[in-house]
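1. Just to be clear, the model below is a prediction. Sequence and coordinates:
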Amino acid sequence: MATKTTAEKLATIQQGYTLQGATIELGAAIVDGEVHKEAQVRLPLAMMNRHGLVAGATGTGKTVTLHMIAEQLSTAGVPVFLADIKGDLSGLATAGTASEKLTARTSALGQEWSARNFPVEFLCLGGDGNGIPVRATITSFGPILLSRIMDLNDTQESSLQLIFHFADKNNLELIDLKDLRAVIQFLTSDEGKAELADLGGLSKATAGVILRELVGLEAQGMEKFFGEPEFDTAELLRTAPDGRGVISCLELPTLQTKPLLFSTFLMWLLADLFEDLPEAGDLDKPKLVFFLDEAHLLFNGASKAFLEAITTTVRLIRSKGVGIFFVTQTPKDVPADVLGQLANRVQHALRAFTPEDAKALKATVSTFPVSDYDLEETLTSAGIGEAVITVMNEKGAPTPVALTRLRAPESVMGPSADDLVRSTVAASSLLAKYGTAVDNVSAYEKLSGAAPVPTGSAAPGQPPVPASAGPSGASSGSSPADIDAEARRIEEEILGRPSSRPAPAPSSYPAPSAPAPVPAPAPSDPGVFGDLAGALGGALGGGLKNMVRSMGTQLGRDLIRGVFGTSSRRRR
């Protein structure tokens, strides 16, 4: 095959990246060693929900790339979520400063640079850092994600699912770690022997192993990540008053000590969005773009169930208007089934210092379309701030591969001042809603008869938030008998027949005992549908939600769990 001239190579790139709709400008193509600002490389905004991969060796500029893309998404009115692992991305809130070197770079790229800051919401996991606390309840987190944090094997994960099933069926709300610990302790106690036997696949020995792992999580201080008020992931979809998308920046100062917690919590956020968002089809721009940094942490040692859940989420969440970009070192960090869903590729330089590196390089090259570049040479010689790019065009076809010098961000490429971060957090409208931890009546209180733990101290400048009413509508001070009576009333109202729950003795109520199971109903009884929903909920996930909500039978009482075993029966 004849070798193309420089002009022919440029014409191929120019034609491939001539797009009609709104775009994210990535940079200028490098052909035969020269930057050509007349050959702009861009990504269609409408294709940002086709997911993507930003890969490259450490120090090649991956963080700056997602910084630059996040700025343009915000300008286009698209909310962004990203994890700030090194603390550099807080600079999005501070306008950049021009310099002679910066001006020379942007001029060569044909970039009209101006210093700007962007609307940023600072978040942190459970108050671990500077930001609005992000918490989740144990019940909404689900058994699959929790098993991932606890490093359980497949058998233990299945057993944990049985424990969640028991708690769901018996109205034992799992809010924090002490609630789950109380349920397991009950099942392994003399009082809970019968209930444990009814669960069949759950042995006392396995329950003991899970309990020990749970105590280990508490010893590591992870209890602060679970509780209420639970973060509503709809907060990630906000825009600023000027129409720009809000950039939600999750600070992770202790990532090195809790990598599994970090990666699993991000998947909880995605799973929650997946369950709650309606189908949207093809949009002019995505509702949200989600950047998953250090993506390899998601997959290392993951169970088959966990990997299948990630693959399903990535495949289906596109139609709900959410784009996901995985940020990692090499494409081999991402399983093939997930990698096959990533249409937009930004590949920074790779190193080939070892035989393993060389193998990874060849595997990376094999995933790109045929191009005019010698990709093995190009990927090992690309400079900082340069990347090999191919994306999906507006017709759904891959664009030509282009070595690209990337545009410069317009905000600070580094951390913002601590005073600015603290003042931004203090002025946030989310602080009053999530700044103070609360402890409502839940499984721990029901099984132990203990009073609720006092609520956490208020965030600076905010009044204390009192504990709210319990799940059945009773106040925190209600007795177990009051709670059971309220449960009977709700059951009778929903089923349209007398409750099958046994009435408690007038003089006392055995607190550690779970509610008696409802006898098996006749086929015509609406309770049959409740059992059917419980069976189908775990298999089909959130797709049953609308059907469940529309039926005034026992079906509406079951806790429907999604693809990760997560649940949305909480704050909304």
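-> Arrived safely, thanks for sending.
2. Do a quick rundown of the strands in the stretch 201-350 of the chain.
-> Using DSSP state E, counting those that start in this stretch, the strands of the stretch 201-350 of the chain run over residues 247-251, 288-292, 322-328, 344-347.
3. Looking at the ones you listed, which is nearest to Leu217?
-> Smallest distance to Leu217 across those (C-beta to C-beta): 20.1 Å, for strand 247-251. Where C-beta positions appear, they are placed from N, C-alpha and C, glycine not excepted.
4. quick one: that closest one to chain centroid distance?
-> 12 Å (C-alpha atoms, centre = their mean, to the nearest Å).
5. now the angle between strand 288-292 and that strand, please.
-> With axes from the mean of the first three to the mean of the last three C-alpha atoms, to 10 degrees as the basis, strand 247-251 and strand 288-292 are set at 20 degrees to each other.
6. In the sheet, which strands lie alongside strand 247-251, parallel or antiparallel?
-> strand 80-84 (parallel), strand 120-125 (parallel) (DSSP bridges).
7. Can you tell me which of those strands is nearest to Lys332?
-> Using C-beta to C-beta, the strands paired with strand 247-251 put strand 80-84 closest to Lys332, at 21.4 Å.
8. was I right about Pro253 contacting Lys86?
-> No: the pair Pro253 / Lys86 is not scored as a contact, 9.9 Å apart, by C-beta atoms under 8 Å.
9. Name the nearest residue to His348, sequence neighbours excluded.
-> The shortest distance from His348 to any non-neighbouring residue, by C-beta to C-beta, 6 or more residues apart in numbering, is to Gly56 (2.5 Å).
10. Next up, phi/psi of the one you found, please.
-> Backbone torsions for Gly56, taken as degrees, to the nearest 10, come to phi 150, psi 160.
11. what residues are up against it?
-> By C-beta atoms under 8 Å, 6 or more residues apart in numbering, the contact set of Gly56 is 62, 329, 347-350, 387.
12. Tell me the spacing between it and Leu361.
-> 12 Å (C-beta to C-beta, to the nearest Å).
13. Show me whatever sits in contact with both of these two.
-> Leu350.
14. Output the contacting helices and strands for the longest helix along the chain.
-> For the chain, the longest helix by residue count, based on DSSP state H, is helix 259-276. Other helices and strands packing on helix 259-276, by 3 or more C-beta pairs under 8 Å, 6 or more residues apart in numbering; DSSP states H and E, are strand 80-84, strand 120-125, helix 138-141, helix 143-150, strand 288-292, helix 296-299, helix 304-317, strand 322-328.
15. now the ones you listed in CSV, with mean pLDDT, mean neighbour count and distance to Tyr444?
-> Listed next are those as CSV, based on pLDDT from 0 to 100; neighbours: other C-beta atoms under 10 Å; distance: least, C-beta to C-beta, whole Å:
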stretch, mean pLDDT, mean neighbour count, distance to Tyr444
strand 80-84, 91, 26, 31
strand 120-125, 94, 25, 22
helix 138-141, 91, 27, 11
helix 143-150, 88, 24, 16
strand 288-292, 93, 25, 33
helix 296-299, 82, 20, 31
helix 304-317, 85, 19, 27
strand 322-328, 93, 25, 35
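16. Any chance of JSON lines for the ones you listed, columns distance to Ala93?
-> Below are the helices and strands packed on helix 259-276 laid out as JSON lines (distance: least, C-beta to C-beta, whole Å):
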{"stretch": "strand 80-84", "distance to Ala93": "11"}
{"stretch": "strand 120-125", "distance to Ala93": "4"}
{"stretch": "helix 138-141", "distance to Ala93": "30"}
{"stretch": "helix 143-150", "distance to Ala93": "30"}
{"stretch": "strand 288-292", "distance to Ala93": "17"}
{"stretch": "helix 296-299", "distance to Ala93": "26"}
{"stretch": "helix 304-317", "distance to Ala93": "28"}
{"stretch": "strand 322-328", "distance to Ala93": "20"}
